[in-house]
Every structure is written in C-alpha cells, then in structure tokens.
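**Q** Could you work out the structure for the sequence below:
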Amino acid sequence: MRSVYGPVRSWRFGRSLGIDPIGVEPKICSFNCLYCQLGNKGVLTSKRSEFVSSEIVKEELELALAKFPVIDIITFSGTGEPTLASNFGELVDTVRSVATVRIGVLTNSSLLFDSEVRRDVMKTDVIVAKLDAATESSFRAVNRPHEDIEFADVIHGIEMTRKEFGGSFQLEIMFVEENMHEASRIAEICKRVSPDILYLNTPLRPCAKKPLGKREMKILGKYFEGLAAKMVYNEDRQL
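**A** Numbers count the residues shown, from 1 in each chain. A predicted model of the protein is given here:
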C-alpha cells in the first residue's frame, strides 16, 4: 500500500497531505481503541520498528506534490501509531528536504515518555497528542493499550513533550459513552498541560462506537472553558 495519501480536507489543519509511516493493514498500533475506524484486527505492540523506508516516502511525496502543489500541511497519520516507526525522525527529515509546508503528527501519546521518541517528534511543527482518559481504569477501557503501557507514563510523556517542544502542541480528546463521566478530570489535566489548541472530538467516521450528539458535546465542552478549544461539530468537515 502507498505511504503518501490525500490530500484530504482536515477539520484541524485545512488541506492536508498524509504520510503513513506504518503502511501495514489492518494496523500496527500500541492501542486498540474502542472507536478505532480500522477495527479490532491488527498487531498490538509497544516495540518500535522500521516499516517504510525514507526512499519510498521521498519518491511518493515528490509525485504527490507535483500533482497537488497547494497544501497547508503534511501530516503523519495512518494505519497505526506513527511513533512506532523507529525511523520517524529520518522520515521527518526526508519530508523537510522535499516540502516547505508545515509538518504535523497525530500521536496517541503512548510512547512520548521515551526521550528518543520525543527527540523524533520535536522535528515536526505541530504535535496533536491524544488524551482520552483521566484514570488508569478508564484508559484501559477506552484505549485498550498494550500491556506494557501505563497511564502514568502517557501523562508524563504529554507533560514532557509540552515542556520541551517549541512548535504548536495540541491535545485531542475523543469522547464516547465510556469516558463521558471523566470529562471534568480530563479537563483538569488539560488545564495543567495548557495546550496551544484543544480538539474536542467524537467518532463521526464509521466505527464500532456511536458518536455523542451535539447537545452532549456542548455540555462536555463547558468543562474546558478557558482553553483554546475547538469542537468537531463546529468545524468544517469537508473530507
């Protein structure tokens, strides 16, 4: 399968060209989230490996940019957790050598406690980190992580990345029925981290979980007042 895809109309970034550094179907990820649009099948791991070479990414990206020269951002996201790619930093360097637009990554935050992973993601311009829980029990129920990953490490990784990163650090929460009750506690963590932007999301794309309605999301949004929050129902989703 191809590593470069799109462009798509992203409600976060505008016109986004995607790079999948995993490139394996159905997925290789450190989480098996209840709401994953890729389903339950795949490999659950916390071990980093190289999946796609920088040469392939460069070749595909050059072709894509020749065909679609006007984009707003190049985003690492795809069939699993992008930071599981052990050559992630090299891939960012490769993109930087070809394109002049911003580079972003959508991460589930599972490996940000690792200084080498943080070193890699620091090469991007925008980091969107996932935070779907406020407790270990909710974390395991909603994100269903690999057994080696602990919630305390996820929080530590988010806090360290926020502290060290010079670009735009953003958080995203995916609300489903199973984590609604933790909204106030998740908000407390968000206020402590103080992201540049906070995305309040619910799974509108086809998956195993039903999205929360506009009214429910509006109620949950009140917990996040004072933060630079954007709600999915209020944004342009011409995907």
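
**Q** any weak-confidence spans in the chain?
**A** Applying pLDDT under 70 to the chain flags residues 1, 235-239.

**Q** And what about the spatially most central residue of it, helix, strand or coil?
**A** Nearest residue to the geometric centre of the chain (CA atoms, centre = their mean): residue 106, 2.5 Å. Classification of residue 106 using DSSP: H, G, I helix; E, B strand; the rest coil returns strand.

**Q** Correct me if wrong: residue 134 contacts residue 189.
**A** Yes. With contact defined as CB atoms under 8 Å, residue 134 counts as touching residue 189 (6.1 Å). For every residue, glycine as well, the C-beta is placed using N, CA and C.

**Q** Give me the phi and psi for residue 80.
**A** phi 130, psi -170 (degrees, to the nearest 10).

**Q** what's it in contact with, if anything?
**A** 22, 24, 27-29, 38, 42 (CB atoms under 8 Å, 6 or more residues apart in numbering).

**Q** nearest to residue 69, of those residues?
**A** Of all those, residue 22 has the smallest distance to residue 69: 26.4 Å, by CB to CB.

**Q** Nearest residue to that closest one in space, please, no chain neighbours.
**A** residue 80 (4.1 Å; CB to CB, 6 or more residues apart in numbering).

**Q** Tell me the bridge partners for that neighbour.
**A** Applying DSSP bridges to residue 80 yields these beta-bridge partners: residue 28, residue 78.

**Q** what does residue 18 give?
**A** Bridge pairing for residue 18 - DSSP bridges - gives residue 5, residue 75.

**Q** That one and residue 216, how far apart?
**A** 29 Å (CB to CB, to the nearest Å).

**Q** Counting neighbours, go ahead and name the busier of those two.
**A** Using other CB atoms under 10 Å as the criterion, residue 18 and residue 216 rank with residue 18 on top: 21 against 15.

**Q** my read: the more buried one touches residue 5, true?
**A** Yes. Look at residue 18 against residue 5 with CB under 8 Å: they come within range, at 4.7 Å.

**Q** Drop anything exposed from the contacts of residue 80.
**A** By neighbour count, with 16 or more other CB atoms under 10 Å, those hold 22, 24, 27-29, 38, 42 as buried.

**Q** which one of the residues you listed is nearest residue 153?
**A** Closest to residue 153, out of all of those and judged by CB to CB, is residue 29, at 16.3 Å.

**Q** Can you name the residues that contact that closest one?
**A** For residue 29, counting by CB under 8 Å, 6+ apart, the contacting residues are 22, 36, 42-45, 80-81, 84, 108.

**Q** Same question for residue 88.
**A** So residue 88 contacts 21, 76, 82, 117, 120-121 (CB under 8 Å, 6+ apart).

**Q** now do residue 36
**A** Residue 36 makes contact with 27, 29, 207-208, according to CB under 8 Å, 6+ apart.

**Q** Distance to residue 232 for the residues you listed - can I get that in CSV?
**A** Putting these into CSV (distance: CB to CB, whole Å) gives the following:
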residue, distance to residue 232
27, 22
29, 22
207, 14
208, 18
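
**Q** Give me the helices and strands touching the helix or strand harbouring residue 137, please.
**A** Residue 137 belongs to helix 136-142 when assigned by DSSP states H and E. Helices and strands touching helix 136-142, by 3 or more CB pairs under 8 Å, 6 or more residues apart in numbering; DSSP states H and E, are helix 151-164.

**Q** Phi first, then psi, for the spatially closest residue to residue 58 that is not a sequence neighbour.
**A** Of all residues not flanking residue 58 in the chain, residue 94 sits nearest, at 5.1 Å (CB to CB, 6+ apart). The phi/psi pair for residue 94 (degrees, to the nearest 10) reads phi -60, psi -50.

**Q** No further queries at this time; thank you.
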